[in-house]
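Student: following is a predicted model, sequence given first.
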Amino acid sequence: MLEKQLEISQISLDDGVPFAQLSPDVDFAELADAVQGDGPAAQQEKVTWELASILFDKVDHHGEASSEQEERKANLVDFWEKITSSAAAKHVESTSSAEEKAIAQLSTHDVWGASETLTTGRDFRLATMISQLDGDNATREGMVEQIKKWREADVVPEMTLAIRTLYELLAGNTCVSNGKGGSVGLENRAETFNISSYFGLDWKRAFGLKLWYGTSSDEPLDAAVQAFSADVESGDEKVKPAPWFVEQKVETGWTDAKRGQCQDVLWGLLRLYARKTASSTSTTFNLGEILTPENVAGNPVDARLSFQLFQVLHAHNVTGATSDDDDEDNNTHTSDILTSTLISQLSSTPDHLPNAILAALYLSSPAARTTTIRALVNRHASVLSTSTAEPSPITTTLINDLKVPKSWLWSARALYAAAVQGDHAEEIRCLLRASDFEDAHDRLRTTVAPRMLIEEDIDDLDALLRECKDAGLAEVSGWESGGRLYVDYVRLLGLYRTSIRLGQEGVETEAEVEEMEDVVMRLMQATAAAGQRKMGLEERVAISEMRALVERVRRESGEEAGDVGTGGEAVSEELRKAQVASERFYERFAGSVAVGA
């Protein structure tokens, strides 16, 4: 389903940070069609999207309905018949009473079937009256008066509860059938009972009774919703709108002591519609509570459907707020909580990286989106491409579809190269591709170049330095006292080796001699300056090696060797420490080799 979310998302950049939103034109019906699978959870999700479509998608007028509300109500009536038919059929099979069978059939709006059942049971009078159950208000009002007279005449106690219920439905009463008590004799007493709970109806069939028989045909849909809500809140309606997984006792991977307090998201959608159309001012209404994962999926960490429902509802401007409310901050908070929960749900495996980042694009704060997306790609950097020519499918999706900046991906690869692979040269290459020149130069100066120099990996060091210069690293602040030292060292070492060979052959050129002198002078000055700053062990050893090469070259060229620094001044105390550190470093290195042998 998140693949469908990507398809309907509009993704763009805000000051370089990607974000996503949905178009108001997106239809709930699209999401209903995208649901796959035939398990209970998939079936319930499809039903959820279908109900949302009926309530909030644009209505194309056709048929006999003359207004949008009439069209929606007609569509809901058909839909509610469909989702209650299975439970009603099982109810019919489970009872032998013709009257209770008729009640079961009426709980899915099968008026004709109920009338036929009563006819078969030879209750012709009730069968005739039930066949006209969808009659006008006058018929209902007449039955209300008739029930009142029966109660006064002590006729009600002579009726079975099923027959009383059928007459109550004819009177438009779908909740409590009042009996008769007090000081009357036992033979004249009649039980008061809740219709839905007594006959074992679930909340959908209980609401169906209110929709079909508790409100008149010319009343809007929200009238039935508000009437049922009032019955539930007052306690008259004992059957609460419990989610499917509570009714069916389905395990959802979470033990919740308050599971019985969860409310079906279908009921939440109906309440949203009633609030949107009738501006209901119920103080108990809260969009965050309606869409909490505990209500929708039965598990607080399974937020995918809750997240998608919120986003599509928000795109339709269905947020539960009225014109007098100041709920936008609350809805933003709800959105961020659902989004963060979904990200946590998806972030454990690299296969879900694109979906996790897609969810992160819906976070309200640019700073939060940046932090979250970078944390996700850092965590799963192993699946990101190091090839610019043939990027992996995941990398292509992140860049092209989700608009994640390439620099964020290369930064993640740099962390992976350093922390997991231990390849600091690759770390620098990735930092260069991320245009993170400051960090690249810092890593080059303090760790990578010193280590390669110490290990005498001169050819690879030379190649890396050339890559750095080609990428523009020489323009970074501090290059002259950092990376440039290693460029000069590599050049001086090459010139020195060449001079030895050419000197032996007697063909050393004057230009090469002059270049060597220039490089020697730069290194003398730079190493002396480097000695003034705080350095780590490897960098200090590398500076000492540079100094040793300079002195060797000067000595063999006939110059006076010694501690000559910039302007002929003595080399700093830091440089002397570097020379001592160099000796200790190699002593430890030699010792470790001896132990290993």
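Tutor: Sure, I can see it.
Student: C-alpha only now, for contacts and for neighbours.
Tutor: Will do.
Student: how many other residues sit next to Thr388?
Tutor: 8 (other C-alpha atoms under 10 Å).
Student: tell me if it really is in a helix.
Tutor: No. Under DSSP: H, G, I helix; E, B strand; the rest coil, Thr388 sits outside any helix and is assigned coil.
Student: that one and Trp410: what is the separation?
Tutor: Taking C-alpha to C-alpha, to the nearest Å as the measure, Thr388 falls 11 Å from Trp410.
Student: with Pro293 instead?
Tutor: From Pro293 across to Trp410, the span is 35 Å (C-alpha to C-alpha).
Student: could you do Thr277 as well?
Tutor: 50 Å.
Student: these two: which has the busier surroundings?
Tutor: Taking other C-alpha under 10 Å, Thr277 and Trp410 do not tie; Trp410 has more neighbours (26 against 14).
Student: where in the chain is pLDDT low?
Tutor: 61-65, 135, 181-188, 278-285, 321-327, 502-509, 559-597 (pLDDT under 70).
Student: how's it carved up into domains?
Tutor: For the chain, automatic domain parsing gives the domain ranges 35-240, 480-597.
Student: just put those domains in TSV and tack on distance to Leu305 and mean neighbour count.
Tutor: Output for the domains of the chain, formatted as TSV (distance: least, C-alpha to C-alpha, whole Å; neighbours: other C-alpha atoms under 10 Å):
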stretch	distance to Leu305	mean neighbour count
domain 35-240	8	18
domain 480-597	52	17
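Student: now render those as TSV, adding distance to Thr396.
Tutor: TSV is the format used below for the domains of the chain (distance: least, C-alpha to C-alpha, whole Å):
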stretch	distance to Thr396
domain 35-240	26
domain 480-597	33
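Student: nearest approach to Asp401 belongs to which of the ones you listed?
Tutor: domain 35-240 (22.0 Å; C-alpha to C-alpha).
Student: next one: that closest one to chain centre, how far?
Tutor: 40 Å (C-alpha atoms, centre = their mean, to the nearest Å).
Student: can you tell me the closest non-neighbouring residue to Glu99?
Tutor: Ala162 (5.7 Å; C-alpha to C-alpha, 6 or more residues apart in numbering).
Student: which helix or strand contains the one you found?
Tutor: Secondary structure assignment for Ala162, by DSSP states H and E: helix 161-170.
Student: what residues does that helix touch?
Tutor: 99-100, 103, 129-130, 133, 139-140, 143-144, 147, 156, 174, 177, 195, 209, 213-214 (C-alpha atoms under 8 Å, 6 or more residues apart in numbering).
Student: next SSE downstream of it?
Tutor: Beyond helix 161-170 on the C-terminal side, the first helix or strand identified by DSSP H and E is strand 176-177.
Student: which neighbours does that next one have in its sheet, and in what orientation?
Tutor: strand 193-194 (antiparallel) (DSSP bridges).
Student: if we look at the strand it pairs with, which residues are touching it?
Tutor: The contact list for strand 193-194, computed with C-alpha under 8 Å, 6+ apart, reads 175-179, 236-238.
Student: can you give me the strands in this structure?
Tutor: For the chain, the strands defined by DSSP state E cover 9-14, 17-22, 176-177, 193-194.
Student: pull the residues that contact the first one.
Tutor: Outside strand 9-14, the residues within contact range by C-alpha under 8 Å, 6+ apart are 18-23, 366, 401-403.
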